[in-house]
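J.: Next input, structure requested:
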Amino acid sequence: MKKSEFVAEVAKKIGMPQTKANELVNAVLEVISDTIKAGDKVTLTGFGTFEARKRAERKGRDIRTKAIITIPASIRPVFTAGEVLKQAVHPKAVKETAKPKAEKEPAKPKAKKTSK
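T.: Have a look, this model is predicted:
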């Protein structure tokens, strides 16, 4: 789905003109971008979390020359899906609640060694 299609769906869903829906979508995206740019997280409960993560400097290989190169450190935007979104996409993939472990039988007392 392209942004224009997304805006049209939002406009249809809440009954507003597409120009207003476009402003709304742009404002939401701008707030998310500005927040993660500032180093904070944006958590939409159930939907997911947007954040910026630091990647350390690391070694890599130039595929043309096969030479080892240094890939500089960087900061990447990351989205982690929440449980409600995961369930909406794939209902069977949601973690089952932890089942209590079956109780073990009590250990049998060890026989004492007798010395002769």
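J.: Sketch out the low-pLDDT regions of the chain for me.
T.: Along the chain, the parts satisfying pLDDT under 70 run over 93-116.
J.: Domain parsing of the protein, as residue ranges.
T.: The record's domain parsing of the chain by automatic domain parsing lists 1-39, 41-92.
J.: can you redo the ones you listed as TSV with mean neighbour count?
T.: Every C-beta, even on glycine, is put in place using the N, C-alpha and C of the backbone. Below are those laid out as TSV (neighbours: other CB atoms under 10 Å):
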stretch	mean neighbour count
domain 1-39	12
domain 41-92	11
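J.: which neighbours does the host helix or strand of Ile69 have in its sheet, and in what orientation?
T.: Element membership for Ile69 (DSSP states H and E) is strand 68-71. Paired neighbours of strand 68-71 in the sheet (DSSP bridges): strand 58-61 (antiparallel).
J.: So what touches the strand holding Ile69?
T.: Glu57, Arg58, Lys59, Gly60, Arg61, Asp62 (CB atoms under 8 Å, 6 or more residues apart in numbering).
J.: what about 10 Å?
T.: Arg55, Ala56, Glu57, Arg58, Lys59, Gly60, Arg61, Asp62 (CB atoms under 10 Å, 6 or more residues apart in numbering).
J.: Please apply the same query to stretch 27-44.
T.: 3, 10, 48-54, 75, 77-80, 82, 84-85.
J.: centroid residue for this protein?
T.: Thr80 (1.1 Å; CA atoms, centre = their mean).
J.: for the closest residue to that residue other than its chain neighbours, what are its contacts?
T.: Distance criterion CB to CB, 6 or more residues apart in numbering; nearest residue to Thr80, sequence neighbours excluded, is Thr49 at 4.9 Å. Residues in contact with Thr49, defined by CB under 10 Å, 6+ apart, are Ile36, Lys41, Val42, Thr43, Val78, Phe79, Thr80, Ala81, Gly82.
J.: Can you tell me which of these end up in strands?
T.: Val42, Thr43, Val78, Phe79, Thr80, Ala81 (DSSP state E).
J.: backbone phi and psi for the closest residue to Val78 other than its chain neighbours, please?
T.: Once flanking residues are discounted, Val78 sits nearest to Arg53: 4.9 Å by CB to CB, 6+ apart. Main-chain torsions, Arg53, degrees, to the nearest 10: phi -120, psi 140.
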